[in-house]
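J.: Need a 3D model of the following:
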Amino acid sequence: MDFTFSEDQLLFQESVKDFLMNEVTPETIRAAWQTDTGRSDGLWQQFVELGLTGITVPEAFGGLGMNELDFVLLAQEAGYVALSEPLVHSALVAVPTILQLDNSEFSAQWLPKIAAGEAKVVVGLAINGLVEDAHIADLMILESGDAVYAVTQDQATLRYNESIDLGRKLFSVEFDQSVATKLAGGEFAQNIIAGALNRGALAAAAQALGATQRMIDISVQYTSERKQFGVAIGTFQAVKHHMANVAYKLEYAKTPVYRAAYALANGLSSAERNVSHAKIVACEVADLAAKNSIQVHGAMGYTWEMDLHIFMKRAWALNSSYGTAGFHKQRLAAYVFSDDALLGAGNTFAA
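T.: Now for the predicted structure:
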């Protein structure tokens, strides 16, 4: 098994990273909080011009035809800047869900619009309870009972729910099933839902990696500038250890996330447990980063004036998105304790 990133993938990551660092700053994030939608049409248009809105849309529908492994590094960079626009959701959840429906007419109707940035589609799953970005969605693909429905704005009633992360816009959505379009039912619908859950969990894990790195960088910079007894507090061993404990765990968390992306992109039978492994370790290190970053900042780390709280709150939100740690540990346990489990390094890293 080889999920090493190609030179092109790494160069694409660097170019997107440079763009996001210039365009999505703590100042622009705070400015977006003051707007009605919390989203920037101008930034979305820039995504369109860069081809990012169509990155996972097949070439036949006007996209670039890439997959989860191509996009996972970009999702990581989106987490680094705490991106609020639904770019990651669109690329890793909405587009693959439409493709999994295997409905040529439905795909032809929506995928070209997504690639061109003319339509935003969001997927709402029961496991999340609330639907993020429902207020700006041209179409919502919603789980309800044992079926999946396509719901437009005029067919739904939205109720806003506040989040600890002001960059997230969450809504409860009510709709009449007799008016909405039923896309799938029964076992087929459950497969659609399972696929969306796995890709959503991967998206959360990848963004958690980025948020963790940002909290490390913010804390290192702060401890290099903050002085006590005439020296930077970053020179104290106790402070160094706090961030070192996050940094090495972050490195260990990356490989499971990349493996999960590979498994989803290649349709491996292990994808579900690979995703759960990735979600657990990525969100655990993000939570640790939040805890230790507060420690090295002192009480002021949680205050509104500090940029740190933007990324801490995003990490906390990602932890409970697309399944809590308990949910994903149960999925792993179901496999590990099964009679036919293939365990050990020889099986873990086999092709």
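
J.: Tyr149 looks like it's in a helix, true?
T.: No: inclusion of Tyr149 in a helix is not indicated when DSSP: H, G, I helix; E, B strand; the rest coil is applied; the result is strand.

J.: quick one: the helix ranked longest in the chain to strand 147-151, angle?
T.: In the chain, assigned by DSSP state H, the helix with the most residues is helix 186-225. If you take axes from the mean of the first three to the mean of the last three CA atoms, to 10 degrees, helix 186-225 sits at 70 degrees to strand 147-151.

J.: What residues of helix 186-225 count as buried?
T.: Residues of helix 186-225 classed as buried: 189, 192-193, 195-216, 218-220, 222-223 (neighbour count, 16 or more other CB atoms under 10 Å). No exception for glycine: its C-beta is placed from N, CA and C like everyone else's.

J.: ok, now stretch 8-15?
T.: In stretch 8-15, counting by 16+ other CB under 10 Å, buried: 9, 12-13.

J.: with those residues in mind, which one is nearest to Leu111?
T.: Leu111 has its nearest neighbour among the buried residues of stretch 8-15 in Phe12, at 21.1 Å by CB to CB.

J.: Please name the residues that touch Val173.
T.: Contact analysis of Val173 by CB atoms under 8 Å, 6 or more residues apart in numbering lists 124, 131, 134, 140, 142, 151, 156-158.

J.: Now do it against Ala147, distance only.
T.: From Val173 over to Ala147 the distance is 15 Å, taken as CB to CB, to the nearest Å.

J.: ok, now Ile29?
T.: 37 Å.

J.: again, but for Ser320
T.: Noted for Ser320: a distance of 25 Å to Ala147, by CB to CB.

J.: Compare the two (neighbour count), which wins?
T.: Between Ser320 and Ala147, Ala147 has the larger neighbour count (other CB atoms under 10 Å), namely 19 against 15.

J.: now the strands: where do they sit in this structure?
T.: Remark: strands assigned in the chain by DSSP state E are 121-124, 131-132, 139-144, 147-151, 156-161, 170-175, 181-185, 227-228, 231-232.

J.: of those strands, which approaches Leu250 most closely?
T.: strand 231-232 (22.6 Å).

J.: Low-confidence bits of this protein, can you list those?
T.: 1-3, 222-241, 348-351 (pLDDT under 70).

J.: For it, just list every one of the helices.
T.: Using DSSP H, helices in the chain cover 7-23, 26-33, 41-50, 68-80, 87-89, 95-100, 104-115, 186-225, 237-265, 271-297, 308-320, 325-336, 345-348.

J.: Now Arg159: closest residue in space that isn't a chain neighbour?
T.: Spatial nearest neighbour of Arg159, chain neighbours left out: Ser172 (4.7 Å); criterion: CB to CB, 6 or more residues apart in numbering.

J.: returning to what we had before: most packed of the strands of the chain?
T.: Greatest average neighbour count among those goes to strand 121-124 (a mean of 26), per mean count of other CB atoms under 10 Å.

J.: which secondary structure elements does that strand contact?
T.: Counting contacts by 3 or more CB pairs under 8 Å, 6 or more residues apart in numbering; DSSP states H and E, strand 121-124 packs against helix 95-100, strand 131-132, strand 139-144.

J.: how about a cut-off of 6 Å?
T.: strand 139-144 (3 or more CB pairs under 6 Å, 6 or more residues apart in numbering; DSSP states H and E).

J.: Check the offset of the strand it packs on from the chain's centre.
T.: 18 Å (CA atoms, centre = their mean, to the nearest Å).

J.: Now do it against strand 181-185, angle only.
T.: 50 degrees.

J.: So what touches strand 139-144?
T.: The contact list for strand 139-144 (CB atoms under 6 Å, 6 or more residues apart in numbering) reads 97, 121-126, 134, 149-151, 193.
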